[in-house]
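1. What would the 3D arrangement of this be:
(one chain, ligands or ions: 1)
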Amino acid sequence: MSEKNEILLKVNKVYQPPQRVLEKALITKEEFDEMYKRSIENPEDFWADIAEKELHWFKKWDKVFEWNYPKYQWFIGGKLNITYNCLDRHVENGRRNKLAYIWVDEDGNEKKYTYGELLDLVNKIANGLKELGVKKGDRVVIYMPLVVEQLASMLACARIGAIHSVVYAGFSSNALRMRIEDAKAKVVITSTWTKRRGKKIDLKSVVDEAVDGLNFVENIVVLQREGDEFELEEKEIDFNEWIKDKSTHCEPEIMDAEDPLFILYTSGSTGKPKGVLHTTGGYNLYTHVTTKYVFDIHEDDIFWCTADPGWITGHSYMVYGPLSVGTTSVIAEGAPDHPDPGRWWSIVEKYKVNIFYTAPTAVRLFMKYGEEWPKKYDLSSLRILGSVGEPINPEAWIWYYENIGRGQCSIVDTWWQTETGGHMITTVPAYPQKPGKAGKPFFGIEADVVDKEGKPVEPNKVGYLVIKKPWPSALRTCWGEPERFEKYWSEIGKYYFAGDMATKDEDGYIMILGRADDVINVSGHRIGTAEVESALVSHPAVAEAAVIGKPHEIKGESIKAFVILKQGYEPSESLAKDIKMHVRHELGALAVPDEIEFVEKLPKTRSGKIMRRVLKAKELGMPLGDTSTLED
Ligand code: WT7
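-> Numbers count the residues shown, from 1 in each chain. I've put the predicted structure just below:
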């Protein structure tokens, strides 16, 4: 058989879960189906039962759910604190000495934190924040590397009811400043540097620039890393000094289920990033339940989510979900392939990781390095492999299944978003899997593929992916911009629509095809074309710019920019380089176009809107489609 046919056969196969996965699984396929049915027929009872069983409440709710379109609430009147569920109850119930985190870096350093130690650290930070005058509802921005102090700072905010806004430490000072300003943060917590591929990346100077002149920022807490001796300026506090003599006791703030927990910014197709707001009760419940069932967590499991806490995946599946369930997580600072492409697999071997959750872009990177790298290590502890962030192409799925999973693991391809808080579409481990298809909606999620009017399309036909009703961890608003929140629920009927195209097959398996809007997905990160374009035109030489996403072997998509120069400027390599540097400074490395093409004109509609669709079709050598609205 030709290699191509062999791949086709594998791609079209339905993969039954391996016996060893089935033997352990918390729920069988039949149980999942039965629970799903109940969750849709009777969502309020379903969620109430689980909320009672899985979480600790200081006071029970009066009403499970209320929907005054477009607003909704869950567990109205219920009182809880997410950190109590993530820490105290485990410490009180025999898990005090169980590991919460195993942290490693590129140089082979390791630090371990038990649940007891983590609770103490969180309380010290919480007391430190209180001393700085941070109160319930105040905003704290966190701009830190992947260290336990980062995660503990998030939890410390939640402990006292402050709203955290974590900014990924790869973002530029401008991007950080916009987020600090938008939230009017009282305190910023940061660190001196992070290390990636052996190189120190300075974080502190990014913060210095970001807070310059922002008088409402009262304090900047700086975690100095080993070997650092920074002279701290006015308003700046040394993290370790700050917490040194603080009490390890801090009463958890009694939070209403609907009290805000955090803001996290994400890109849309227009304007500046949106501050997605999540609240306490529904988010705690939903991330807990998805962690438990989608990753099939057992008491002795070691879980490793390779994300960064700066993204929603880090919030939900490095911090709140795994801790609420009480599992042990590995967390790794630095790059996947440094000092060599065996790094991640050596970590799996060393810590006997059972559940491994990463992004397709990483899988494709390892495909490129070749299967000899994972072959060097004992990966037999792995039972479940997860994928998130972008569609996983079937070839990458099969490579992951065969070379990392050795045919002995279930793959969970989890579709969800910053806005959804937790997994929406996936198969649970005991469910048959189809490469490239995320699978079925999770408990309580009524997902469908519809046309513009909201009518279901036929099986295997392309349509818009919508969710018909609010779920517990759905975003509650966009910070300061309620109209942008309403847009999610009003573009296609009264359904939730956040921009993906999809198909659904005869068995109800959903395949995500990618974004329907002007959002580019680079290595699983959402980048708005509008943001990149406005960064481009803020360069003194640039008159106009348009940006498109192009298929990329490893990143999924890469950014290409078409640029019209102002009079007096000539296209050149060095100008292109300068423009790229400018975008890097404005937004961060993630948003820098791989390619810049200087053009004389951009295709526009008669009303002056840039037709990115036409640029993209031309770039990829595809039919231009309907060009009747094109200006000339
Ligand atoms: C967008 C959300 C959810 C955490 C990471 C990204 C794409 C996400 C999948 C998947 C196909 C996926 C979608 C979605 N996406 N997971 N398993 N299969 N596409 O969060 O930055 O809010 O981006 O990522 O396009 O809309 P985000």
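
2. C-alpha only now, for contacts and for neighbours.
-> Fine.

3. Does residue 349 touch residue 382 like I think?
-> No. The pair residue 349 and residue 382 does not pass the contact test of CA atoms under 8 Å, sitting 9.1 Å apart.

4. The two: which has the busier surroundings?
-> residue 382 (23 against 17; other CA atoms under 10 Å).

5. What sits closest to that one if chain neighbours are left out?
-> Nearest residue to residue 382, sequence neighbours excluded (CA to CA, 6 or more residues apart in numbering): residue 354, at 4.1 Å.

6. From the ligand, how far off is that neighbour?
-> 20 Å (CA to the nearest ligand atom, to the nearest Å).

7. same deal with residue 583?
-> With CA to the nearest ligand atom as the criterion, residue 583 and the ligand are 19 Å apart.

8. give me the number of residues near that residue?
-> Around residue 583 there are 25 residues (other CA under 10 Å).

9. what's the answer for residue 362, then?
-> Residue 362: 19 neighbours (other CA under 10 Å).

10. what packs against the helix or strand harbouring residue 46?
-> Using DSSP states H and E, residue 46 sits in helix 43-54. Contacts defined by 3 or more CA pairs under 8 Å, 6 or more residues apart in numbering; DSSP states H and E place helix 43-54 against helix 29-41, strand 63-68, helix 281-294.

11. mind redoing it with 7 Å?
-> strand 63-68 (3 or more CA pairs under 7 Å, 6 or more residues apart in numbering; DSSP states H and E).

12. chain center to the strand it packs on: distance?
-> 27 Å (CA atoms, centre = their mean, to the nearest Å).

13. Show the average pLDDT along it.
-> Regarding strand 63-68, the rounded mean pLDDT is 98.

14. just stretch 269-278 next, same as before
-> Mean predicted lDDT for stretch 269-278 stands at 91.

15. try stretch 536-553
-> Throughout stretch 536-553, pLDDT has a mean value of 95.

16. got a list of contacts for it?
-> Contacts with stretch 536-553, where a contact means CA atoms under 7 Å, 6 or more residues apart in numbering, come from 520, 529, 533, 557-566, 569, 579, 582-583, 612, 616.

17. Mind doing that once more with 6 Å?
-> The contact list for stretch 536-553 (CA atoms under 6 Å, 6 or more residues apart in numbering) reads 520, 529, 533, 557-566.

18. repeat for stretch 112-120
-> So stretch 112-120 is contacted by 87, 91, 96, 97, 98, 99, 100, 101, 102, 248 (CA under 6 Å, 6+ apart).

19. what's the offset of that stretch from the middle of its chain?
-> 24 Å.

20. next one: stretch 551-562
-> 20 Å.

21. Check whether that stretch comes into contact with the ligand.
-> No. Stretch 551-562 stays clear of the ligand (CA under 6 Å from any ligand atom), getting no nearer than 10.5 Å.

22. list the contacts for the residue in the stretch 151-300 of the chain that the ligand sits nearest to?
-> In the stretch 151-300 of the chain, no residue comes nearer to the ligand than residue 266, which is 6.3 Å away by CA to the nearest ligand atom. Contacts for residue 266 were tallied using CA under 6 Å, 6+ apart; they are 273, 274.

23. Would you list the phi and psi of it?
-> Torsion angles at residue 266 (phi, psi; degrees, to the nearest 10) stand at phi -140, psi 160.

24. coming back round to it: surely the residue nearest to residue 382 meets residue 380?
-> No. Using CA atoms under 6 Å as the test, residue 354 is too far from residue 380 to be in contact (8.5 Å).

25. Look at these two and report which has more neighbours.
-> residue 354 (23 against 16).

26. Tell me which residues touch that one, please.
-> 301, 302, 381, 382, 383.

27. rerun at 8 Å
-> 301, 302, 303, 304, 381, 382, 383, 384 (CA atoms under 8 Å, 6 or more residues apart in numbering).

28. I'd like to know which of the residues you listed is nearest to residue 227.
-> The nearest member of the contacts of residue 354 to residue 227, counting by CA to CA, is residue 304 at 28.4 Å.
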